[in-house]
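Q: Let's see this in three dimensions:
(chains A and B, ligands or ions: 4)
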Amino acid sequence: MTTPWTLICKQEDLVEGAGVAAMVSGEQVAIFYVPESEQKVFAISNWDPIGKANVLSRGLVAHLQEQWVVASPLYKQHFVLASGQCLEEDIKIPHWQAKLEGSDVFIAAHL
Amino acid sequence: MTSTVSFLTTKPHIIVIGNGMVGHHFVEQMIAQGGHDAFHISVFGEEPYLAYDRVHLSEYFTGKGAADLAMTDGSLYDTHGVRYFTGCLVIKIDRGAKQVMLQNGESLAYDKLVLATGSYPFVPPIPGHKRDNTFVYRTLDDLDAIRTCAKQVTRGTVVGGGLLGLEAANALKNLGLETSVVEFAPRLMPVQLDEKGGAVLKEMIEGLGVKVYTDTATKDIVDGESAFHRMNFADGSHLETDLILFSAGIRPQDALAHQSGLTVGERGGISVNNHCQTSDDDIYAIGECALWNNRIFGLVAPGYAMAKSAAGHLLTDFLGLAGVTFTGADMSTKLKLLGCDVGSVGDAHAQSQGCKVFVYQDEISQSYRKMVVSEDGKKLLGAVLVGDNSYYDTLLQYYLNAIDLPEQAQALILPAMEGAPVGLGVDALPATASICSCHNVSKQDISDAVCNGALSVGDVKGVTKAATGCGGCAALLKKVVDNALLALGVEVSTDLCEHFAYTRQDLYNLVKIGEIKTFNELLKTHGKGHGCEICKPAVGSILASVWNDYVLKKEHISLQDTNDRFLANMQKDGTYSIVPRIPGGEITPDRLIVLGQVAKEYGLYTKVTGGQRIDLFGATLSQLPEIWEKLIAAGFETGQAYGKSLRTVKSCVGSTWCRYGVNDSMKMAIELENRYKGLRSPHKIKFAVSGCTRECAEAQSKDIGVIATEGGWNLYVCGNGGMKPRHGDLFAKDLDDETLVKYIDRVLMFYTKTADRLQRTSVWMDGLEGGLDYLKEVVIDDKLGLCAELEARMQHVVDTFQCEWKTTLQDPEALKTFRQFVNYEGSDSNVVFVEERNQMRPATESEKQQLIAKVG
Ligand code: SRM
Ligand SMILES: Cc1cc2nc3c(=O)[nH]c(=O)nc-3n(C[C@H](O)[C@H](O)[C@H](O)COP(=O)(O)OP(=O)(O)OC[C@H]3O[C@@H](n4cnc5c(N)ncnc54)[C@H](O)[C@@H]3O)c2cc1C
Ligand code: SF4
Ligand code: FES
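A: Residues are numbered from 1 along each chain as shown, chains lettered A, B, ... in the order given. Ligands and ions are numbered 1, 2, ... in the order given. Below you'll find the model as predicted:
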């Protein structure tokens, strides 16, 4: 089966080493551009379930315990960019497969 | 304050009578062991407050509020389904029907009952003891009453020269009263001190201006001539005083035990066994109301031990194992009374059979120490210390752990001379040594905590609760933790994080000397991995301090914490606040109108801040640039409320308007604010400038405080408000304008260069070896030969200032990041406002649900 990819934006819309927010079928998605990583782009939900606001795209990207994570700008919990897993609480937020092709940024359906 | 939990199921019901320190600790112990799942728990307290820290009651007079002393705000109880009733006296126990009766006539059934009713102050029945302006010293309400009275009078007298009496005398003295202490016994602190120790203490206390009358019995109290009361003494002399505070001992509060026929001691106290059970198996008594082995324990640590054993016994079946029993407690104490150290360990009065005594006395520095040792000289049985408690920890450990005394045991109380074998290294303590008696934490408990990953004193405190009671063991705890870390081979790490094995100060120097301009360059040359939310902003701040680049440059943007990245402070709902700079708090009517117009146009919540400027809340990400465009057009600049940088320079109106002003504080404040406004520093910095010594700008509570004098300006440094307020230290007096600025340049740059990340000036100062004097040597005497460099660095920052918002508005790349969504023009539907007091505020969760339900 081939994954149905959706075009979200251009690479130039992304911010190096940080996140931006996108709206995908009524859902807010945080897209992170990490050039040093193998995957380059990651997509997780923009909703911070602990701070209860759509802010994760505005958090700081960090590399901890061999994983790329974002620290929530509200109360600083870490979410793994590749899986949506929270490092401090037993919570996992939605995440999407994402890819950079040429200068186009795509995401696929929920993983 | 009363909870509203109601019990529907049929778990057995425990009622706790008394919500003092021990009653509260009992509930904590139950909850910690899951006892709230086995029992319904209800707590009744007579006082209007939930349990508070009575041990630190006196701090209520030195700045702490009731909330600071509170041991819980009720949330612990609420979360675990514990019902609590304050202001609720239990007046009767019906043991036959197993019910308690409340003052309001209600009855409640119990299965198990715990009496934690504490004690009440004993007031000697001297004729006149019920006159107005007589008080006791036990509760918050007592202290409120004393404070109110003290405001109107000048002389105060404490009846009773024991521990509490002297503490109360200190309080009266702090309230500004001329204070006397009247003690019936021939010496102060008769229970703890011997005659000589009492005499030394008396001399020290009199040296502080408190009159001490020992061996003095009060016959009666009548109307005074020059004061409200006259106390007539048995020897015919008298004392005139306005306020009398009785502190003549405590008596166990055992009224309910008498009423219900429980066994009580001859001189009061509810008799209990090693499980703290009374003569009725279903009723326990703990804390100061309980009598164990014919002894009352008037300290909190034994009370906590009793609470633990009662909880353990009640939960034996539930947990399937027997808890600890109460087998007595050590009554050693160490205190600072009226600024004098006093300590007493074990058998202070040398009453043990065959014991021998060493005494050391120094009449010049006023200290006295006594050691009581066993007949064979091998064990320490007791000790008395007056004047210097630095000997206490070691002596206590010899005593508690029955450690063999060294050859020259007397050295333990002799002043430290070169080469003398003084002190007992924590190494020498056995694993069972009790380090914190309040929470019964042993050396082993601490090593265990460290082995399990608590790698700092703070973490160990969190896990074991050590040093969170009376606090007396804090110094020893630190030694034991450091020792345990060392034993584990852990070097006490000062690394910034896993990516940089350097301190912030090292990194600052590396950046400067290596002319490093970006995070990636620093990471490549001196770090490893990819960076995290600790090192990124810290390095971002260092780069800004040293080079003062625009913080949203492509290579810096990902280093910035969210507030710095969007140049605004994020609020709880993801919107932002906008704080333009209003230097010195001075603003023209025209600009004030612009602020009002912009706020109105965007519907922003508007508030005057605690820093003398105006904050507009509720702007969305994409509105920020538009709003700033308007503000900048009207002449405003960014206020950097988001940055670790200069915040505000608070000012009073000063000599231009104020009839007392001796210099132009307004002008100075504006100049200082404009000079330092771009400086990125380890933490935020606040200034204030007052026009005279009345200090309306509160300069002494700021990182940099300036107060006008007849001769120029006085400079104060390293104060702050916030979580742990600290007054600034007077750094230099009567400075002219130029020297003032020079000194501030140097102090701030030296701070920026050497402080840790997120360390405010006060904490930095407290950690500087040599403290204030050292800072003066560096800044005034140029001891390190650094001053020229510090000034040049500051001048660079001043010269390269840019308004970050202005730069951002001219930078299309930077502006792009302010889009709410990269692919959609709409807004965040989770941002919902409601109106309150004619302005908007974020909707609460439940309001949102209602509103969204209505719309959707
Ligand atoms: C807006 C304001 C409260 C108000 O409604 O008046 C405020 C609001 C915030 N303060 Fe404050 N503080 C404000 C005056 C103060 C003051 C009073 C003063 O400056 O005279 C203090 C105590 C004085 C002091 O700092 O020494 C103060 C002590 C704190 C602290 C504790 C600092 C400490 O060292 O203990 C924090 C937390 C921190 O910085 O880590 C803090 C942090 C904050 C933050 C930034 C928390 C945050 O990250 O969301 C708040 C957001 C500001 C915003 O959204 O704009 N705020 N804050 C005041 C803004 C003043 C201004 O014009 O810039
Ligand atoms: C100024 C001061 C300084 C002190 N300093 C120290 C110190 O440095 N170190 C130390 O170890 N100890 C110190 N203590 C002693 C310490 O505070 C007590 O040992 C401790 O508070 C005892 O706790 P408790 O719960 O047994 O009694 P309390 O704290 O007295 O609590 C008993 C509570 O029960 C309530 N109560 C009584 N009867 C009823 C009833 N029938 N119905 C409902 N409620 C009732 C009372 O109102 C009270 O709130 C100090 C005490 C004071 C006053
Ligand atoms: S400190 Fe107070 S009294 Fe002095 S100038 Fe300022 S406003 Fe006037
Ligand atoms: S001994 Fe009181 S807190 Fe440790």
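Q: buried set for stretch B:117-128?
A: Taking 16 or more other C-beta atoms under 10 Å in any protein chain shown as the basis for neighbour counts, the residues of stretch B:117-128 that come out buried are B:Thr117, B:Gly118, B:Ser119, B:Tyr120, B:Pro121, B:Val123, B:Ile126, B:Gly128. The way it works is simple: take the backbone N, C-alpha and C, and place the C-beta from them, glycine included.
Q: go on, stretch B:154-167?
A: Judged by neighbour count using 16+ other C-beta under 10 Å, the buried positions of stretch B:154-167 are B:155-167.
Q: Return the helix or strand in chain A with minimum mean pLDDT.
A: The helix or strand of chain A with the poorest confidence is strand A:104-110; it has a mean of 86 (mean pLDDT, DSSP states H and E).
Q: quick check, nearest of the buried residues of stretch B:117-128 to chain A?
A: Sorting those by distance to chain A puts B:Gly118 at the head of the list, at 39.3 Å, by C-beta to the nearest C-beta.
Q: List the residues that contact the closest one.
A: Counting by C-beta atoms under 8 Å, 6 or more residues apart in numbering or on different chains, B:Gly118 touches B:Gly18, B:Gly20, B:Val22, B:Gly23, B:Gln253, B:Gly287, B:Glu288, B:Cys289.
Q: what about the closest residue to chain B within chain A, distance to B:Val511?
A: Taking C-beta to the nearest C-beta as the measure, chain A has A:Gly17 as its residue closest to chain B, at 2.9 Å. Shown here: A:Gly17 relative to B:Val511, a distance of 19 Å by C-beta to C-beta, to the nearest Å.
Q: touching ligand 3 at all, the helix or strand containing B:Ile707?
A: When secondary structure is defined by DSSP states H and E, B:Ile707 falls within strand B:704-709. No: contact between strand B:704-709 and ligand 3 is absent, the nearest approach being 7.2 Å (criterion: C-beta under 6 Å from any ligand atom).
Q: That strand pairs with which strands, parallel or anti?
A: Each strand pairing with strand B:704-709, determined using DSSP bridges, is listed with its direction: strand B:685-690 (parallel), strand B:712-717 (antiparallel).
Q: Name the SS class of the residue of the stretch 601-750 of chain B found nearest ligand 4, please.
A: Of all residues in the stretch 601-750 of chain B, the one sitting closest to ligand 4 is B:Lys724 (18.9 Å; C-beta to the nearest ligand atom). Going by DSSP: H, G, I helix; E, B strand; the rest coil, the secondary structure assigned to B:Lys724 is coil.
Q: residue contacts, it?
A: B:Lys724 sits next to B:Ser762 when contact means C-beta under 8 Å, 6+ apart.
Q: My impression was that A:Ile8 belongs to a strand - is that right?
A: Yes: checked against three-state DSSP, A:Ile8 lies within a strand.
Q: gap between it and ligand 4?
A: Distance check for A:Ile8 against ligand 4: by C-beta to the nearest ligand atom, to the nearest Å, it reads 57 Å.
Q: so B:Arg187 touches B:Val200, yeah?
A: No: B:Arg187 lies out of contact with B:Val200 (C-beta atoms under 8 Å); the separation is 10.0 Å.
Q: more crowded one of those two?
A: For B:Arg187 against B:Val200, the residue with the higher neighbour count under other C-beta atoms under 10 Å in any protein chain shown is B:Val200, and the figures read 25 against 20.
Q: which non-adjacent residue is nearest the more buried one?
A: Ranked by C-beta to C-beta, 6 or more residues apart in numbering or on different chains and with sequence neighbours excluded, the top spatial neighbour of B:Val200 is B:Tyr368, at 4.2 Å.
Q: so the one you found, which of the three states?
A: The three-state label given to B:Tyr368 by three-state DSSP is strand.
Q: Show me what residue of the stretch 151-300 of chain B gets nearest to ligand 2.
A: Proximity of the stretch 151-300 of chain B to ligand 2 (C-beta to the nearest ligand atom) peaks at B:Gly287, 2.3 Å away.
Q: Within the helices and strands, which one has B:Met668?
A: Using DSSP H and E, the secondary-structure element containing B:Met668 is helix B:665-676.
Q: so what does that helix touch, helix or strand wise?
A: Of the remaining helices and strands, those touching helix B:665-676 by 3 or more C-beta pairs under 8 Å, 6 or more residues apart in numbering or on different chains; DSSP states H and E are strand B:646-651, strand B:685-690, strand B:704-709, helix B:737-754.
Q: For it, buried residues please.
A: Neighbour-count burial for helix B:665-676 flags B:Ser665, B:Met666, B:Lys667, B:Met668, B:Ala669, B:Ile670, B:Glu671, B:Leu672, B:Glu673, B:Asn674, B:Arg675, B:Tyr676 (criterion: 16+ other C-beta under 10 Å).
Q: Can I get the helix or strand hosting B:Leu631 in CSV, CA atoms only?
A: Secondary structure assigned from DSSP H and E places B:Leu631 in helix B:623-633. As requested, the backbone C-alpha atoms of helix B:623-633 are provided in CSV (Å, rounded to 0.1, in the frame of the first residue of the first chain):
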residue,chain,number,x,y,z
GLN,B,623,-1.1,40.2,15.6
LEU,B,624,2.2,40.9,17.3
PRO,B,625,4.0,42.5,14.3
GLU,B,626,1.0,44.7,13.4
ILE,B,627,0.6,45.9,17.0
TRP,B,628,4.3,46.7,17.3
GLU,B,629,4.3,48.5,14.1
LYS,B,630,1.7,50.9,15.5
LEU,B,631,3.5,51.3,18.8
ILE,B,632,6.9,51.9,17.2
ALA,B,633,5.4,54.5,14.9
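Q: Is any residue of that helix near chain A?
A: No: counting by C-beta under 8 Å from any C-beta of the partner chain, chain A is not contacted by helix B:623-633; separation bottoms out at 12.0 Å.
Q: Residues contacting that helix, please?
A: In this structure, residues lying in contact with helix B:623-633 by C-beta under 8 Å, 6+ apart are B:566-568, B:576, B:578, B:580, B:594-595, B:598, B:602, B:616, B:619, B:638, B:803, B:805-806, B:808-809, B:815, B:818.
Q: same thing but at 10 Å, please
A: B:566-568, B:575-576, B:578, B:580, B:591, B:594-595, B:597-599, B:601-602, B:604, B:616, B:619-620, B:636-638, B:803-806, B:808-809, B:814-815, B:818-820, B:827 (C-beta atoms under 10 Å, 6 or more residues apart in numbering or on different chains).
Q: Quick check: residues of the stretch 251-400 of chain B near ligand 2?
A: Residues of the stretch 251-400 of chain B found near ligand 2 (C-beta under 6 Å from any ligand atom) are B:Gln253, B:Leu256, B:Gly287, B:Glu288, B:Gly298, B:Leu299, B:Val300, B:Ala301, B:Gly303.
Q: give the contact list for the residue in the stretch 701-850 of chain B that ligand 1 sits nearest to.
A: Each residue of the stretch 701-850 of chain B has a distance to ligand 1, by C-beta to the nearest ligand atom, and the smallest belongs to B:Gly722, at 2.3 Å. By C-beta under 10 Å, 6+ apart, the contact set of B:Gly722 is B:Lys684, B:Lys686, B:Ser701, B:Arg760, B:Ser762.
Q: Relative to the host helix or strand of B:Arg230, what are the paired strands and their orientations?
A: B:Arg230 is part of strand B:229-233, with elements assigned from DSSP H and E. Applying DSSP bridges to the sheet, strand B:229-233 is found paired with strand B:218-223 (antiparallel), strand B:238-241 (antiparallel).
Q: Show me which positions of the first one end up buried.
A: Same thing as strand B:218-223. Taking 16+ other C-beta under 10 Å as the neighbour-count basis, strand B:218-223 is seen to contain the buried residues B:Thr218, B:Ile221.
Q: Run a quick neighbour tally on the nearest residue to B:Ile31 once chain neighbours are set aside.
A: For B:Ile31, ignoring the flanking residues on the chain, the nearest one in space by C-beta to C-beta, 6+ apart is B:His80 at 4.9 Å. For B:His80, the count of nearby residues is 18 (other C-beta under 10 Å).
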